[in-house]
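# Below: sequence and its predicted model.
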Amino acid sequence: MILPGSEPGIDPGDEVVSLECSADAIELATIRGALRGWLLNRSIVGAKADDLLIVLNEIASNAVDASPPHATMTARWWVEGEHIVLSVDDSGSGFEYHHTEPVGPTSLRGRGLNVVEALSDRLQVTADGHRTTVTAWTAVEGPVA
Amino acid sequence: MALHVRAERDGTTLHVTVVGELDAHTAPSVAEVLDPILVDPDLDGVIVDASDLSFMDTVGISEFLRIQRVLAERGAFIRLHRASPSVRKVLDVTGLLETFGVE
């Protein structure tokens, strides 16, 4: 579903990491590196860190695909209760999001959002006609420092 | 993070080593190195050593699936060996562990 222009629920006072860059695949490694460092600082490592890196990368990679040339995208992440929230907005015009259908083993494309769904607890797509924001909530065990 | 792809022929098998992170930016390196070799009709299998592939996304998966399709047309195979936990996870959630013979 596309929700008109609403901001995801960021609690005031929460630290929000925000990384604006060109909507180019060359930036994916930079975004992953920044999230990896942030997770490491919070002792989130191993399988959960792997999941979060995969989720943010797929959302950002989709944003690159959806963006016109010379556009920018912004990756953001923050803590919301027991969840780490990963979000990317781009200047693509948005897409209809419904629960994604499983992709067969011979299909070459279209796995990105399936992977995001499999590894996160909640996924939201908002668009206002100019920017599209994809946000994923992933639970982590125990408090996040 | 760059991706280094190296291929070594051993009889009819191609041994491939991929080192680094495989995403939409680095995926073309796989085709650049492998595609010229894969046209050889005598090649009956590709074994990828993924032990130093620290990250792979769905664009990387699509690249290996494309190669798998080319090989399968003539009865040849591709296997990913020694996948890291992260690479294994992304193959698991996409239901492709068996396709690539991941233990």
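Sure, I can see it.
# helix or strand right after the lowest-mean-pLDDT helix or strand in chain A?
Ranking every helix and strand in chain A by mean pLDDT, DSSP states H and E puts strand A:3-4 at the bottom, with a mean of 39. Moving toward the C-terminus from strand A:3-4, the next helix or strand (DSSP states H and E) is strand A:17-22.
# okay, and for chain B, where does confidence drop off?
B:1 (pLDDT under 70).
# which bits of it sit near chain A?
Contact residues, chain B versus chain A (Cβ under 8 Å from any Cβ of the partner chain): B:1, B:21, B:23-25, B:55, B:57-59, B:61-62, B:65-66, B:69, B:85-86, B:89-90, B:93-96, B:98-99. The C-beta positions use only the backbone N, C-alpha and C, and glycine is treated the same way.
# contacting residues for the closest residue to residue A:67 other than its chain neighbours?
Closest residue to residue A:67 apart from its sequence neighbours, by Cβ to Cβ, 6 or more residues apart in numbering or on different chains: residue A:23 at 3.5 Å. Neighbouring residues of residue A:23 by Cβ atoms under 8 Å, 6 or more residues apart in numbering or on different chains: A:63, A:64, A:67, A:71, A:72, A:73, A:90, A:91.
# for residue A:34, same thing?
A:17, A:19, A:75.
# run the last query once more with 7 Å
residue A:19 (Cβ atoms under 7 Å, 6 or more residues apart in numbering or on different chains).
# Now the helix or strand containing residue B:69: buried residues?
Residue B:69 belongs to helix B:58-72 when elements are defined using DSSP H and E. For helix B:58-72, burial by neighbour count (16 or more other Cβ atoms under 10 Å in any protein chain shown) applies to B:58, B:59, B:60, B:61, B:62, B:63, B:64, B:65, B:67, B:68, B:70, B:71.
# Roughly how far does the fifth one sit from residue B:31?
Spelled out, it's residue B:62. 11 Å (Cβ to Cβ, to the nearest Å).
# any common contacting residues for these two?
Counting by Cβ under 7 Å, 6+ apart, nothing touches both residue B:62 and residue B:31.
# about what we covered before: show the buried residues in the contacts of residue A:23.
A:63, A:64, A:67, A:73, A:90, A:91.
# Now for those: which two are most distant?
Spanning the widest gap among the buried ones among the contacts of residue A:23 are A:64 and A:91, at 11.4 Å by Cβ to Cβ.
# Could you identify the helix or strand that succeeds the helix ranked longest in chain A?
Criterion DSSP state H: the longest helix present in chain A is helix A:46-66. Helices and strands here follow DSSP H and E; after helix A:46-66, the next one along the chain is strand A:72-80.
# Just the CA atoms of whatever helix or strand comes next after that next one, as CSV, please.
Downstream of strand A:72-80, the next assigned helix or strand under DSSP H and E is strand A:83-90. The C-alpha trace of strand A:83-90 is given here as CSV (Å, rounded to 0.1, in the frame of the first residue of the first chain):
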residue,chain,number,x,y,z
HIS,A,83,13.3,-2.7,16.9
ILE,A,84,16.0,-1.3,14.7
VAL,A,85,14.3,0.7,12.0
LEU,A,86,16.0,0.9,8.6
SER,A,87,14.7,3.4,6.1
VAL,A,88,15.7,4.7,2.6
ASP,A,89,14.0,7.4,0.7
ASP,A,90,14.6,8.2,-3.0
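# Also compute the angle for the helix or strand following strand A:83-90 relative to strand A:83-90, please.
Per DSSP H and E, the first helix or strand lying C-terminal to strand A:83-90 is helix A:112-119. Angle of helix A:112-119 versus strand A:83-90, following axes from the mean of the first three to the mean of the last three Cα atoms, to 10 degrees, is 170 degrees.
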